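Q: from the sequence below, what's the structure:
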Amino acid sequence: GVGSADMTGPAAQVNFMGYAVPNQIGRGIHMRLHARAYVVVDDDDSRIAFVSIDGGMGSDLLNLKVLDKLSEALGDDSIYSYDNLAISGTHTHSGPAGFLQYVLYQFTSLGYVEETMDAFVEGISTAILEAHNNVQDGVEIAYATGNKLLDSNINRSPSSYLLNPEEERAQYADEGDTDKNMLMLKFTGSDGEDLAMLNWFAVHGTCMNNTNKLISGDNKGLASYLFEREINGVDVLPGKGKFVAAFASTNLGDVSPNTQGPVCHSGPNEGQPCDFTSSTCKDDKGKDKNEACYSLGPGTNGNMVESTKIIATNQFNHALDLYKNQATNKVEGKVAYRHTFLDMRNRDVLLEDGSIGKTCPASLGYSFAAGTTDGPGMFDFTQGTNSSSPFWNVVSGFISKPTEEEIACQSPKPILLNTGDVEKPYEWDPATVPISVFQIGQFFILNVPGELTTMAGRRMRAHIKKVLEDNGVVDPVVTIAGLTNTYTHYITTFEEYQAQRYEAASTLYGPHTLGAYMQEMERIVLDLLNGDESVTDSQPEDLTEAQISFVPPVVVDFVGIGNKFGDVKDDAEKSYGFDEVVSVSFHAANPRNNQRLEDTFLSVEKKNDDGSWGVKYVDGDWCTKFMWEGGVGHAGQSTATVEWDLAEAKEVGAEEGTYKICYFGTRKHVSGKFEEFTGCSSEFAVEA
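A: Purely as a prediction, here's the structure:
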């Protein structure tokens with residue numbers, strides 16, 4: 001069974017999750033965010049639920065709250081559990097933050113954001129329940145890998161990739177330093193009906209850069225939108241069709257969609273490639289700085305919206321070809337799963353030479369603060385830093401000073417933030433994390449709570465595939481679902497860790513992090529094959545009661561004297577051509593008053609021959625934008641602007657005719673009462 005639901009969250013006044021830029025605070029919606037759920041059940045009623053969300057990543061607290069809601073709705077807490085539920089984030093960097101329960105991820109969001117969590121829980125649980133209720137017998141599942149998808153990703157830390165063994169890199173010479181294969185599952189009903197598609201392709205959700213203020217599913221969200229529109233039809237509104245298409249995340253840790261590559265954007269070397277190892281550029285004083293070194297996407301002059309469309313369209317076209325022409329390898333067999341919680345502090349890891357390595361309490365290195373070529377950091381940090389600074393040692397020491405043992409364990413990482421030892425006001429990073437494996441016949445999904453780099457993912461897939469083959473599984477197919485069930489930053493190979501670029505500095509548990517995950521994944525895979533239960537550490541603590549939030553509530557909405565909520569401020573012109581953008585602004589109210597889940601803040605409506613109106617586009621469509629500008633603080637007058645891009649609309653079937661644009665809002669009175677209102681533009685003509 002499959003299901004899809006809206007999980008967009010607060011459309012304004014909440015920081016975005018991903019870049020950790022304090023002033024990247026939402027001001028509207030370009031595309032709504034969706035949860036896409038897949039429930040697979042075998043003849044023995046063994047089942048899994050895999051959910052791909054248009055969100056930054058998974059969250060252990062999110063899983064807990066979703067499971068509580070499912071248990072309440074179904075009246076049974078044994079159907080879905082930690083063991084058989086996986087929630088994987090596509091890693092868009094343009095969605096609301098505040099849904100992880102650890103301090104480190106809450107700095108720029110001003111703490112925990114209940115509005116985000118509530119929307120995510122509602123959307124995800126609704127999608128799962130829809131999939132649960134839509135389970136049907138006789139569904140055929142097939143997979144495809146197909147040819148390479150080119151011009152859609154680059155490695156943003158190629159110098160680190162080159163540290164991996166030459167003979168290992170040679171195995172992937174045809175793909176290079178990023179994975180270019182897309183792995184797909186196709187679901188077809190017993191009557192031949194197209195039901196769903198689920199694929200994994202490695203690329204970051206960072207086409208939209210850290211200046212974007214509109215909620216967006218980025219390239220994977222748009223690819224899903226395009227695929228669902230293709231199968232459901234252009235007249236079906238976003239998220240309302242029966243067919244569900246998820247473009248899920250995998251080992252995207254060092255993989256960027258900004259395919260122009262890193263160049264210097266200022267200084268004496270402007271226009272030239274950045275330093276290969278440190279991703280820096282000389283400033284006018286000859287100092288190496290990281291702020292000027294960044295990559296742009298394939299759009300004209302790096303335009304982020306155009307870049308999103310190009311990378312999304314590449315994935316859509318490739319997936320559509322796989323779906324229609326190559327997804328013929330049948331997936332047959334039982335459904336099974338194993339799950340375990342791992343305490344990642346001081347965990348023994350058996351190394352290839354027979355010696356024992358250890359994981360470490362969580363910490364972040366200096367290069368974490370340098371950011372990446374998708375979004376450089378601040379404060380004079382650079383990638384590839386293997387030495388510390390006395391100043392920043394003192395600053396970080398106020399948070400927690402690492403012990404000599406922790407420094408040695410994390411070496412060569414110079415510790416900037418010793419997050420694993422901080423418990424004030426509550427934990428800063430997870431100490432105990434979930435991993436799991438899902439089996440659907442010969443198809444195996446490895447659910448991992450972080451961003452594996454290209455080679456880390458290749459190494460894990462190859463290792464688990466060999467384990468499966470050695471234990472009698474014929475032609476196993478293995479994929480990695482990244483950013484699943486919680487978030488632990490990055491996972492590099494041991495060799496890449498030595499370079500201490502951003503991904504390595506953000507590998508929380510030290511140089512043997514990947515080894516630990518591979519070792520424990522092998523253990524639970526063997527448990528699954530042998531029919532054994534998996535030993536587990538204790539699950540993470542529910543920190544709900546400890547959460548702190550400094551996001552002010554909406555106080556009250558006002559409108560100027562002589563105006564009403566929904567009144568038009570700037571109306572449409574009398575007519576437009578298909579090369580223009582329609583823009584209408586309204587006297588508005590704070591969109592946080594009502595998130596309008598499964599609804600819309602706008603509609604583009606076309607006049608029918610009988611004089612009635614039909615909704616053609618909403619705020620989940622790529623061709624529309626809903627933009628909100630507030631008054632002073634969290635009270636006062638505000639303006640909503642709706643844009644409709646006619647060139648984009650024409651690409652998805654817009655026709656000539658008479659149209660109007662409407663805005664839907666909810667005002668908050670001084671008394672705390674909420675009141676719905678609507679405003680519409682004048683009629684206007686769209687002509688070729």
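Q: longest helix of the protein, counting residues only.
A: As assigned by DSSP state H, the longest helix anywhere in the chain is helix 114-133.
Q: would you map the strands across the stretch 501-650 of the chain?
A: Along the stretch 501-650 of the chain, counting by DSSP state E, counting those that start in this stretch, strands occupy 556-557, 568-570, 575-577, 581-588, 602-607, 613-618, 624-629, 635-636, 638-645.
Q: switch those over to CSV; also include mean neighbour count and mean pLDDT.
A: For glycine as for every other residue, the C-beta is placed from the backbone atoms N, C-alpha and C. CSV is the format used below for those (neighbours: other C-beta atoms under 10 Å; pLDDT from 0 to 100):
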stretch, mean neighbour count, mean pLDDT
strand 556-557, 20, 94
strand 568-570, 14, 98
strand 575-577, 14, 98
strand 581-588, 22, 98
strand 602-607, 22, 98
strand 613-618, 18, 98
strand 624-629, 22, 98
strand 635-636, 16, 74
strand 638-645, 22, 98
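Q: as CSV, the ones you listed with distance to Thr250 would be great.
A: Below are the strands of the stretch 501-650 of the chain laid out as CSV (distance: least, C-beta to C-beta, whole Å):
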stretch, distance to Thr250
strand 556-557, 43
strand 568-570, 44
strand 575-577, 42
strand 581-588, 36
strand 602-607, 34
strand 613-618, 30
strand 624-629, 30
strand 635-636, 44
strand 638-645, 31
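Q: among those strands, which is nearest Lys287?
A: Within the strands of the stretch 501-650 of the chain, the stretch nearest Lys287 is strand 624-629; the backing value is 38.3 Å (C-beta to C-beta).
Q: for that closest one, packing partners?
A: strand 25-29, strand 602-607, strand 638-645 (3 or more C-beta pairs under 8 Å, 6 or more residues apart in numbering; DSSP states H and E).
Q: hmm, back to that, so which of the strands of the stretch 501-650 of the chain comes closest to Asn329?
A: Here strand 613-618 is closest among the strands of the stretch 501-650 of the chain (C-beta to C-beta), at 37.2 Å.
Q: strand partners (parallel or antiparallel) of that closest one?
A: Here strand 613-618 is paired, per DSSP bridges, with strand 602-607 (antiparallel).
Q: give the contact list for Phe674.
A: The contact partners of Phe674, taken as C-beta atoms under 8 Å, 6 or more residues apart in numbering, are Asn593, Asn594, Thr666, Arg667, Lys668.
Q: which among the residues you listed count as buried?
A: Asn593, Asn594, Thr666, Arg667, Lys668 (16 or more other C-beta atoms under 10 Å).
Q: Asp619 is in contact with Ile29, correct?
A: Yes: taking C-beta atoms under 8 Å as the definition, Ile29 is a contact partner of Asp619 at 4.9 Å.
Q: where do the contact lists of the two overlap?
A: Common contacts of Ile29 and Asp619 (C-beta under 8 Å, 6+ apart): Phe601, Phe626.
Q: ok, back up a step: return the subset of the buried ones among the contacts of Phe674 lying in helices.
A: Going by DSSP H, the helices hold none of the buried ones among the contacts of Phe674.
Q: and which of those residues is nearest Glu451?
A: For those, the nearest to Glu451 is Asn594 (34.1 Å; C-beta to C-beta).
Q: residues contacting the closest one?
A: Gly665, Thr666, Phe674, Glu676.
Q: what residue ranges in this protein score low on pLDDT?
A: 377-398, 631-635 (pLDDT under 70).
Q: point to the residue nearest the middle of it.
A: With distances taken as C-alpha atoms, centre = their mean, His91 lies nearest the centre of the chain, 2.0 Å away.
Q: which neighbouring elements make contact with the longest strand seen in the chain?
A: The longest strand of the chain (DSSP state E) is strand 657-668. On a contact count with 3+ C-beta pairs under 8 Å, 6+ apart, strand 657-668 meets strand 556-557, strand 581-588, strand 602-607, strand 638-645, strand 674-680, strand 684-687.
Q: start to end distance for stretch 522-539?
A: Length of stretch 522-539, first residue to last, C-alpha to C-alpha, to the nearest Å: 20 Å.
Q: that older thread, can you tell me which of the helices and strands packed on strand 657-668 is nearest to Lys309?
A: strand 638-645 (11.0 Å).
Q: which elements pack onto that closest one?
A: Packing contacts for strand 638-645, counted by 3+ C-beta pairs under 8 Å, 6+ apart, involve strand 581-588, strand 624-629, strand 657-668.
Q: swap the cut-off to 10 Å and go again
A: The contact analysis (3 or more C-beta pairs under 10 Å, 6 or more residues apart in numbering; DSSP states H and E) places strand 638-645 against strand 25-29, strand 568-570, strand 581-588, strand 602-607, strand 613-618, strand 624-629, strand 657-668.
Q: so how far is the fourth one off the chain centroid?
A: When C-alpha coordinates are averaged (C-alpha atoms, centre = their mean, to the nearest Å), strand 602-607 and its chain have centres 30 Å apart.
Q: now the angle between strand 581-588 and it, please.
A: Counting by axes from the mean of the first three to the mean of the last three C-alpha atoms, to 10 degrees, strand 602-607 lies at 120 degrees to strand 581-588.
Q: now do strand 602-607 against strand 674-680, angle only.
A: Direction vectors for strand 602-607 and strand 674-680, defined by the same axes, to 10 degrees, enclose an angle of 40 degrees.
Q: same thing with the first one?
A: Here strand 25-29 runs at 60 degrees with respect to strand 674-680, directions being taken by the same axes, to 10 degrees.
Q: the last one now?
A: Using the same axes, to 10 degrees, the inter-axis angle of strand 657-668 relative to strand 674-680 is 160 degrees.
Q: isn't Gly146 up against Asn325?
A: Yes: using C-beta atoms under 10 Å, Gly146 is in contact with Asn325, at 8.4 Å.
Q: so which of these two has more stuff around it?
A: Neighbours were counted for Gly146 and for Asn325 using other C-beta atoms under 10 Å; Gly146 has more, 17 against 10.
Q: residues in contact with that one?
A: Asn181, Met182, Leu183, Met184, His318, Ala319, Asp321, Leu322, Tyr323, Asn325, Gln326, Ala327 (C-beta atoms under 10 Å, 6 or more residues apart in numbering).
Q: how far away is it from Asp137?
A: If you measure Gly146 against Asp137 using C-beta to C-beta, to the nearest Å, the figure is 29 Å.
Q: rewinding a little: to Gln498, which of the helices and strands packed on strand 657-668 lies closest?
A: Among the helices and strands packed on strand 657-668, strand 638-645 sits nearest to Gln498 (C-beta to C-beta), with 47.3 Å.
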